[in-house]
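Undergrad: 3D, please:
(2 chains)
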Amino acid sequence: MPKDVAIIGVGQSAFVRSYGGSIRELAFEAFREAMKDAGISAVDVGASIICSAPEYDKQRSPAGLIAEYLGLNPQPTFMVESVCSSSTTGIRLGYSLIKSGLHDLVVVLGFQKMSEISSADSQERMGRGADIMWEAPFGTMMPAYYAMHAQAHFARYGSTEKDLALIRVKSSKYGVLNDKAVYRKEVDLEQVLSASAVAVPLKRFDCCANADGASCIIMAGAGKAKEISKKPVWILGLGSATASMTLTGRGSLTGLNCARLAAQQAYEMAGLKPGDIDVAEVHDCFTIAELMAYEDLGFAEPGRGMDLIREGQTYIGGKIPVNVDGGLLSKGHPIGATGGSQVRTVVLQLRGEAGAIQVPGAEIGLVHNIGGVGVYGNVIILGR
Amino acid sequence: MGFEKFGRISFTSQTKVSEFVDYLEQGELRATRCRCCEKVFFPPRADCASCLGGDMEWVGFNGCGTLVSFTVVNYAPTGFEGDVPYTLALADFNGIKVFGRLSSKLSMNEIKVGMKVKIDVITLPGGQITYQFNAA
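TA: Numbering: from 1, shown residues only, chains lettered A, B, ... in the order given. Purely as a prediction, here's the structure:
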């Protein structure tokens, strides 16, 4: 089990519908919290990696601007993008910068101010999230793609709209407890099932909300981490894979192959198996995405993911607590910030600092962060 | 030029596979096949990622497909709002997968994963050309 690179600081802004400040100020909220958490200052930082989906930004090349505002000149900075998984891609690159010996301390800052552009502009960009030659001309959007995965899972395995609704009910129960979440109201099964359809079978509460937000993860090599941190959380396993942007290139729609491959790589690197995971954060941009994650990560056999939620096994106290911070469904999904927020939750869990949502005795945690509809998949396994 | 005629809204005008639209205008949906390694591509490609060849021929694919999945959408991106609700679908034609819309004339209780579908080429108001799936 490698213990070469640690996370020594985590931070997150509140995720909100519309942030009343600029992108630099939004980024600073997460950065300040992470720097104080790590107990370091800007001179300790070797490089910064800025993560966002830049089609939401008016600022061209935001990395330069944000590095300046964070006080991180003249250290190198650059932007990484893999849409919704940008900040875990940033963590993967941070890991390689540290392992290569180029830097011993790296800041990974994810942000998105989705309200930076108008709702009409946002709708226009949404349509171009698919292959613009072959699929966007039919009028595609993210909910439609995930809805097609849901229909395929229902048809093959007998899962139901109620199974998906149970996932949202769990999410809302924990969202209430997260003071950084955008949606903090509990919803019951009837409310979820009776809401209007967005893309059949996905209804309003099956979909996460757009949000503005930032996250910050500070990583260090083993020597540096032991020197400055009393509570390092180690990166034990990393996996990353891709699949075709077009649905026509996919083998099946009942799961995400990029997630399966990324999970296999991460388990292998960590020398761990699904049963060893004490707490997980999975990419529940839609309820069906969490159901597929149960199976793609090996928490359930293919086609049996619904048993976990029916039996309450993904609640705290169950076999494998999942998204006990409310997940994307309750927290909101500020594209470039989401992966870092998931990592922050797991780091706090492993330090025993998760408060009302603490999974007792959690030692090993997993993060599953997906970009696009299964185009990019990142899995990270963390341990004390 | 030519590809801007494909679909409700085309986001691409220049591509080496714009003959795809010419075949649609003749009522045919075609894929490309690499003359070197014989791999068939849909959506069509100008370049073969298997053997790195660049010599493609256009091939038709006939018969019935099977509906892999579908969804009825009630919200649409900019420019598609006038079409809602519409049904997006993926179908499998003997291993070649095709993404598109299902005919709006099909009623919801007729649509099932696994149903047999065929491809119709249609011209949209305004002269754009596309294809859709219909019950076979």
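Undergrad: only C-alpha atoms for contact and neighbour calcs from this point on.
TA: Will do.
Undergrad: pLDDT of stretch A:367-375, averaged?
TA: Per-residue pLDDT over stretch A:367-375 has a mean of 97.
Undergrad: tell me if it is near chain B.
TA: No: counting by Cα under 8 Å from any Cα of the partner chain, chain B is not contacted by stretch A:367-375; separation bottoms out at 14.5 Å.
Undergrad: for stretch A:149-158, same thing?
TA: Yes: with Cα under 8 Å from any Cα as the criterion, chain B is reached by stretch A:149-158 at A:149, A:151-152, A:155.
Undergrad: and the residue of chain B closest to chain A?
TA: Proximity of chain B to chain A (Cα to the nearest Cα) peaks at B:Val73, 4.2 Å away.
Undergrad: partners of that residue in the sheet?
TA: According to DSSP bridges, the residues that bridge with B:Val73 are A:Ala199, B:Tyr86.
Undergrad: A:Ile370 against A:His283, yeah?
TA: Yes: the pair A:Ile370 and A:His283 passes the contact test of Cα atoms under 8 Å, sitting 6.1 Å apart.
Undergrad: quick one: residues contacting residue 103.
TA: No chain was given, so I picked chain A. Going by Cα atoms under 8 Å, 6 or more residues apart in numbering or on different chains, A:His103 touches A:46-47, A:97.
Undergrad: you looked at the wrong chain, it should be chain B
TA: When contacts are counted by Cα under 8 Å, 6+ apart, B:Ser103 is found next to B:87, B:132-134.
Undergrad: residues from the stretch 151-300 of chain A in reach of chain B?
TA: A:151-152, A:155, A:197-201, A:247-249.
Undergrad: related to what we said a few turns ago, quick check, nearest of the contacts of B:Ser103 to B:Val68?
TA: B:Phe133 (12.0 Å; Cα to Cα).
Undergrad: can you show me the strands along chain B?
TA: Assigned by DSSP state E, the strands in chain B fall at B:30-34, B:40-41, B:56-60, B:65-73, B:86-93, B:96-102, B:116-123, B:129-135.
Undergrad: remind me which residues of chain A are low pLDDT?
TA: Scanning chain A for pLDDT under 70 picks out no residues.
Undergrad: over to chain B?
TA: Chain B contains residues with pLDDT under 70 at B:1.
Undergrad: interface residues of it facing chain A?
TA: Within chain B, the positions adjacent to chain A are B:6-12, B:42-43, B:68-80, B:88-90, B:96-101, B:113 by Cα under 8 Å from any Cα.
Undergrad: just the buried residues of the residues you listed.
TA: In terms of neighbour count (16 or more other Cα atoms under 10 Å in any protein chain shown), the buried residues within the residues of chain B next to chain A are B:6-12, B:42-43, B:68-78, B:80, B:88-90, B:96-101, B:113.
Undergrad: what sits against A:Ile357?
TA: A:Ile357 makes contact with A:174, A:177, A:316, A:324-325, according to Cα under 8 Å, 6+ apart.
Undergrad: now the helices: where do they sit in chain A?
TA: Secondary structure of chain A (DSSP state H): helices at A:23-38, A:62-69, A:86-99, A:119-127, A:142-157, A:161-175, A:189-194, A:222-228, A:257-270, A:287-296, A:305-310, A:327-331, A:338-351.
Undergrad: residues in contact with the fifth one?
TA: Defining contact as Cα under 8 Å, 6+ apart, one finds that helix A:142-157 is touched by A:126, A:129, A:159-160, A:198-202, A:207, A:253-255, A:286, A:288-289, A:303-304, A:372-373, B:68-73, B:88-89, B:113.
Undergrad: buried residues, it. List them.
TA: Applying a neighbour-count criterion of 16+ other Cα under 10 Å, one finds A:142-155 buried in helix A:142-157.
Undergrad: same question, the third one
TA: Within helix A:86-99, the residues that qualify as buried are A:86-95, A:97-99, counting by 16+ other Cα under 10 Å.
Undergrad: just these now: which is nearest B:Leu24?
TA: Of all those, B:Leu24 sits closest to A:Ser86, with 38.2 Å by Cα to Cα.
Undergrad: hang on, the closest one packs against A:Val108?
TA: No: assessed by Cα under 8 Å, A:Ser86 is found out of contact with A:Val108, at 10.1 Å.
Undergrad: between these two, which contacts overlap?
TA: Residues touching both A:Ser86 and A:Val108 (Cα under 8 Å, 6+ apart) are A:Cys51.
Undergrad: point me to the residue of chain A nearest chain B.
TA: A:Ala199 (4.2 Å).
Undergrad: wait, what's in contact with that residue?
TA: A:143-144, A:147, B:71-75.
Undergrad: let's see 6 Å
TA: A:144, B:72-73 (Cα atoms under 6 Å, 6 or more residues apart in numbering or on different chains).
Undergrad: could I get the residues you listed in a markdown table, plus columns for distance to A:Thr242?
TA: Output for the contacts of A:Ala199, formatted as a markdown table (distance: Cα to Cα, whole Å):
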| residue | distance to A:Thr242 |
| --- | --- |
| A:Ala144 | 20 |
| B:Val72 | 27 |
| B:Val73 | 26 |
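Undergrad: verify the stated contact: A:Ala259 with A:Val379.
TA: No: with contacts counted by Cα atoms under 6 Å, A:Ala259 stays clear of A:Val379, the gap being 7.3 Å.
Undergrad: B:Thr130 pairs with what?
TA: Bridge pairing for B:Thr130 - DSSP bridges - gives B:Ile122.
Undergrad: same question for A:Gly371.
TA: Per DSSP bridges, the residues bridged to A:Gly371 are A:Tyr376.
Undergrad: may I ask you to confirm that it is in contact with A:Ser85?
TA: Yes: between A:Gly371 and A:Ser85 there is a contact at 4.5 Å, judged by Cα under 6 Å.
Undergrad: quick one, which of those two is more surrounded?
TA: Of the pair A:Gly371 and A:Ser85, A:Ser85 is the one with more neighbours under other Cα atoms under 10 Å in any protein chain shown, namely 31 against 23.
Undergrad: show me the contacts for the more buried one.
TA: Counting by Cα under 6 Å, 6+ apart, A:Ser85 makes contact with A:339, A:369-371.
Undergrad: could you give the number of residues near residue 21?
TA: Just going to use chain A. Neighbour count for A:Gly21, taken as other Cα under 10 Å: 10.
Undergrad: wait, chain B was what I had in mind.
TA: B:Val21: 22 surrounding residues under other Cα under 10 Å.
Undergrad: isn't B:Phe93 up against B:Gly65?
TA: Yes: B:Phe93 is within contact range of B:Gly65, at 4.2 Å (criterion: Cα under 6 Å).
Undergrad: these two: which is more packed in?
TA: Between B:Phe93 and B:Gly65, counted using other Cα under 10 Å, B:Gly65 has the larger neighbour count: 25 against 17.
Undergrad: how much space separates the more buried one from B:Phe42?
TA: 14 Å (Cα to Cα, to the nearest Å).
Undergrad: again with A:Leu102
TA: Separation of A:Leu102 from B:Phe42 (Cα to Cα): 43 Å.
Undergrad: residue contacts, the residue most central in space within chain A?
TA: Nearest residue to the geometric centre of chain A (Cα atoms, centre = their mean): A:Gly339, 3.1 Å. By Cα under 6 Å, 6+ apart, A:Gly339 lies in contact with A:85, A:87-88, A:369.
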